[in-house]
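Novice: structure, please.
(one chain, ligands or ions: 1)
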Amino acid sequence: MDLSQSPSEQSFRAEVRAWIEKNLPEGWGTPAFKDPRTFEERVAFSKEWEAKLAKDGWVGIHWPKEYGGRGATYMEQIIFHEEMARARAPQLFINFVGTNLAGPTIMAHGSEEQKQRYLPPILSMEEVWCQGFSEPNAGSDLANVQTRAEDRGDHFVVNGQKIWTSFAHVADWCLLLCRTDTSVAKHKGLSYLLVDMKLPGIDPRPLKQITGDAEFNEVFFTDCVVPKEYLLGEMNMGWTYANTTLSHERGPAFLGHQIRFRNVLLDLFKAAQNTKRDGIPVSEHPVFRQKLAGAYAELEIMRYIGLRNITSILKHGRPGTEGSVAKLYWSHMVRRMQELALSVGGPAGALDGEDAMGRGQWQRGYLMSFAQTIAAGSSEIQKNIISERVLGMPRGETWAPREKR
Ligand SMILES: Cc1cc2nc3c(=O)[nH]c(=O)nc-3n(C[C@H](O)[C@H](O)[C@H](O)COP(=O)(O)OP(=O)(O)OC[C@H]3O[C@@H](n4cnc5c(N)ncnc54)[C@H](O)[C@@H]3O)c2cc1C
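Specialist: Numbers count the residues shown, from 1 in each chain. The predicted model follows:
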């Protein structure tokens, strides 16, 4: 690919950089800055930071201008994520689902009335969204969703259970995938509702993770009356709309992530210089030197995978199956890197709290790294995609009988 940037891209980069420098939270990145630690603290911090971004038009920059976005090109989005990562600016946290999933799905399939109602408060960060897709028996096999929405004329009655619904307990709205027809092939009987989380009959119950936080929930729907106007698009077209949502799960943030991981690795190099093993700094220990150099090389590979993906998107206008290679690669790379970080710290690396190594960042990073190989499509599913669609191998056996489409 051609890596040179046009004058307008260069000036866009300068504009983003200047905004970040001026607007980063006071003291951000200095030892005096106390990072928000608990989930509640992170929600409050994130709402404030994201509202600031929103006020100056830095949320949903990829949205078309007619819906309040900047209509940013793919390259401009990459530049934005790179600059945010370079400055180690806080990442989009609380309304990722709103800006990246709900907004684009509503733009693609919603009525004009729905667009007018839902899009502005997403961009201004006034309304937070969650994604109610996964269920206890519908994760990788998402078409198996069992939550029922019974059509009662001017409303639906919803009954069922969702799981792993990130932020449901703090969300205002939910993208709800539910079954409206049981008599057809499973992916043909799904509908897509936009559901107000304050409706009676919705009970989000936070699930405590291994980190101690509770970011996601199981959500129970019991005789929940949902007005018909909350239906997105047409009845029983939910599978198509869900695929629109899923196609936006991995946006152009990949190279930005790579820079953020590089920052993590640079922090790890520093920690290795300041920690002793066998009487010498870990950074001079022959075994650890090899491992740290290996982690650096892996990060560079991630960058080249990212560049290859961008080339494909710029050429074909959409991400190809290379996206699965990238997801599989980086999610396992992160796990290896976080494991190395723990071993650099030795027993102390496993501690959390104010006086722990890196104030507990390594321990938390390690525990969270396991989520990466599951969320947005597990590693086994990525391998299935690579073997079937990239390598052209025969389809594997599934646990559930295949249906005729
Ligand atoms: C941090 C995090 C946040 C999430 N947030 C949300 C959210 O906000 N909203 C939401 O709807 N969901 C969310 N999810 C759920 C996520 O999409 C699912 O966990 C994921 O799709 C896997 O589904 P599952 O957990 O049901 O596992 P299962 O599908 O039950 O899989 C269990 C195991 O079997 C393997 N497996 C399954 N099928 C096959 C196959 N055909 N071939 C080979 N192996 C297979 C899987 O790889 C996995 O190892 C989140 C998950 C995580 C980790």
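Novice: tell me the residues of the stretch 51-200 of the chain that contact the ligand?
Specialist: C130, Q131, F133, S134, G139, S140, W164, T165, S166 (C-beta under 6 Å from any ligand atom). To be clear about C-beta, it is placed using only N, CA and C from the backbone, and glycine gets the same treatment.
Novice: any chance of those residues in JSON lines, plus distance to I280?
Specialist: Compiled in JSON lines, those are given as follows (distance: C-beta to C-beta, whole Å):
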{"residue": "C130", "distance to I280": "49"}
{"residue": "Q131", "distance to I280": "48"}
{"residue": "F133", "distance to I280": "50"}
{"residue": "S134", "distance to I280": "48"}
{"residue": "G139", "distance to I280": "46"}
{"residue": "S140", "distance to I280": "46"}
{"residue": "W164", "distance to I280": "44"}
{"residue": "T165", "distance to I280": "48"}
{"residue": "S166", "distance to I280": "43"}
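Novice: which one of those residues is nearest the ligand?
Specialist: Taking C-beta to the nearest ligand atom as the measure, the ligand lies nearest G139 of those, at 1.8 Å.
Novice: burial of that closest one, as a residue count?
Specialist: Residues near G139, counting by other C-beta atoms under 10 Å, number 16.
Novice: quick check: it vs E40, distance?
Specialist: 27 Å (C-beta to C-beta, to the nearest Å).
Novice: ditto for E234
Specialist: E234 is 39 Å from E40, by C-beta to C-beta.
Novice: swap in T180?
Specialist: In terms of C-beta to C-beta, T180 sits 36 Å off from E40.
Novice: for S111, same thing?
Specialist: For S111, the distance to E40 - C-beta to C-beta - is 36 Å.
Novice: ditto for G251
Specialist: Per C-beta to C-beta, G251 is found 27 Å from E40.
Novice: look at these two and report which has more neighbours.
Specialist: The neighbour comparison of G251 against E40 (other C-beta under 10 Å) goes to G251, with 19 against 12.
Novice: tell me which parts of the stretch 201-350 of the chain are close to the ligand?
Specialist: F216.
Novice: what do you get if the cut-off is 8 Å, keeping everything else the same?
Specialist: Within the stretch 201-350 of the chain, the residues that sit near the ligand (C-beta under 8 Å from any ligand atom) are E215, F216.
Novice: where does the stretch 201-350 of the chain dip in pLDDT?
Specialist: Counting by pLDDT under 70, the stretch 201-350 of the chain contains low-confidence ranges at 317-320.
Novice: so where do the strands sit in it?
Specialist: 202-207, 216-227, 276-277, 280-281 (DSSP state E, counting those that start in this stretch).
Novice: mean neighbour count added to these, as CSV?
Specialist: Supplementary listing: the strands of the stretch 201-350 of the chain in CSV, determined by neighbours: other C-beta atoms under 10 Å:
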stretch, mean neighbour count
strand 202-207, 17
strand 216-227, 19
strand 276-277, 14
strand 280-281, 12
